[in-house]
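Visitor: Sequence and predicted structure, then a few things I'm wondering about:
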Amino acid sequence: MDAREPAELIELQQLLDGASPQLQVRSVCEVESGGRRLPVLALSLGNPAPDVPAAGFFGGVHGLERIGAAVVLCFLRSVLTRLRWDALLQQQLERMRLVFMPVVNPGGLLAGTRANPQGVDLMRNAPADALEPVAPLVGGQRLTRRLPWYRGPRHAPLQPESQALCAVVERELLSHEFSLAVDCHSGFGLCDRLWFPYAGTRAPVPHLPELHALSGLLDDALPRHRYVFEPQSRHYLAHGDLWDFLYRRACAEPGRTFLPLTLEMGSWLWVRKNPRQLLSAQGLFNPLPDHRHARVLRRHLAWLELAARAAFSHHAWRPAGAERERQLHLALRRWYAA
C-alpha cells in the first residue's frame, strides 16, 4: 500500500485478511477518489432472522473525522478476536445480528475531507428538509460544493455512499423487529455526546420512552461515564439528515423499533490539551498524539459493547404499559421542558 494510505483503510484490510469465515463481507458500492476505485464495505456477523435483534456500527461518514472510523474498527477487532474463544459472544451471535460499516466515505477519508469526492456532505444528503428554520450553512446548503455542508443538487439521487448506508440499514437493521445503530463522529464541544433524532425538528420522537430507558441503562451499567445523552435538536437543526430519514422510514412500519444514535466525540477537548492541533484540519477533529488516540479508543469501546448487549437484551429493559408512560414523562421533563 501507498505510504500515505490512511491507517484506517490499512487496518480494515488487515482485519479482512485475518477474519473468521463467520464474517460476511459485501461491497455495497464503489467510489472513485484520487484515481482509485474504493469499495464501501458492509460486514455482518450472526443471525439474520427478522425476529432476533440487530445492532449496527458506522464510522467514517465524514472523511475528515477519522477517529470515528477508528473507534468502529477497534470494536470490530475486539469482536473478531473474542469470537475465537468467547463462548458467551458465540451464543450471543446465535440470537442477534451485528453489522459494521467502518468507513462509509472512503473517498473523503483518503482525501482528508468532510465531504465525499463530489463535495457532498453525506449527513445533509437525505431528501428531507427540516421542518423548522436551520442555521445558515451548517444546517445544509445547496449554493456550492466549495462551501461545507453542501447537500448536493436539488432532486438529484442520493450520493452512492448515502445509498449504500441506507441500503445496509434497510436490509440489516430495519428488517428486524428491534434494532439500534451507533454512528461515530467527532467535532462538537468539550464533552462526548450521544445524540438521537430528530435533526430537522425540535419535536420529540415516537420512541422517546425507549431512548430514555436506554440512557438509564447507560447510567447504571457504566458508572461515572462522561456521555451527555440528548436529542440533537438541542444544539442545532439541519436539512437532509440520513438518520432522520431512516428513522421515519422505520416508524412507517408498525411493530418495528429502530433507535439510531450518533456518538459525537468532543474534539475541542483534544485541541484544548494540545493547541498546536489548531494548525491542521486533522487536528481539529482527531486526537493526534498516539497516547491520546489510544485513550479515546479505550473510552468508547465499553459503550459500543453495551449498545450491542442492550440490543440483544432489549426485552429486559424496554418499557411497556405504565412504565412506558413514566419514562415518557421523565424524558419530556428532562429534554423538552423548555
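Guide: Looks like it arrived, so ask away. Residues are numbered from 1 along each chain as shown.
Visitor: max-length helix in this protein?
Guide: Longest helix of the chain, by residue count under DSSP state H: helix 290-312.
Visitor: Could you give me the buried positions within it?
Guide: If you call a residue buried by 16 or more other C-beta atoms under 10 Å, then helix 290-312 has these buried ones: 292-293, 296-297, 300, 303-308, 310-312. All C-beta spots, glycine's among them, are computed from the backbone N, C-alpha and C.
Visitor: In the residues you listed, find the pair that's most separated.
Guide: Arg292 and Phe312 (31.6 Å; C-beta to C-beta).
Visitor: for the chain, what spans make up the strands?
Guide: 24-33, 36-46, 54-59, 97-101, 178-186, 192-196, 227-231, 257-265 (DSSP state E).
Visitor: any idea which of these is most buried?
Guide: strand 54-59 (a mean of 28; mean count of other C-beta atoms under 10 Å).
Visitor: In the stretch 151-300 of the chain, where is pLDDT below threshold?
Guide: For the stretch 151-300 of the chain, no stretch has pLDDT under 70.
Visitor: again, 80 this time
Guide: 188 (pLDDT under 80).
Visitor: for stretch 130-144, which positions count as buried?
Guide: Buried positions in stretch 130-144, judged by neighbour count with 16+ other C-beta under 10 Å: Ala130, Val134, Gly139, Gly140, Gln141.
Visitor: contacts for the longest helix of the chain?
Guide: 53-55, 57, 67, 70-72, 74-75, 78, 92, 95-96, 98, 178-180, 182, 184, 192, 194, 214, 217-218, 221-222, 225-227, 261, 263, 265, 270, 273-274, 286-287, 317 (C-beta atoms under 8 Å, 6 or more residues apart in numbering).
Visitor: what's the answer for stretch 27-35, then?
Guide: For stretch 27-35, using C-beta under 8 Å, 6+ apart, the contacting residues are 37-42, 106-108, 110-111, 116-117, 160-161, 163-164, 167-168.
Visitor: and if you look at stretch 270-279?
Guide: Outside stretch 270-279, the residues touching it (C-beta under 8 Å, 6+ apart) are Leu190, Gly283, Leu284, Asn286, Pro287, Leu288, Pro289, Arg292.
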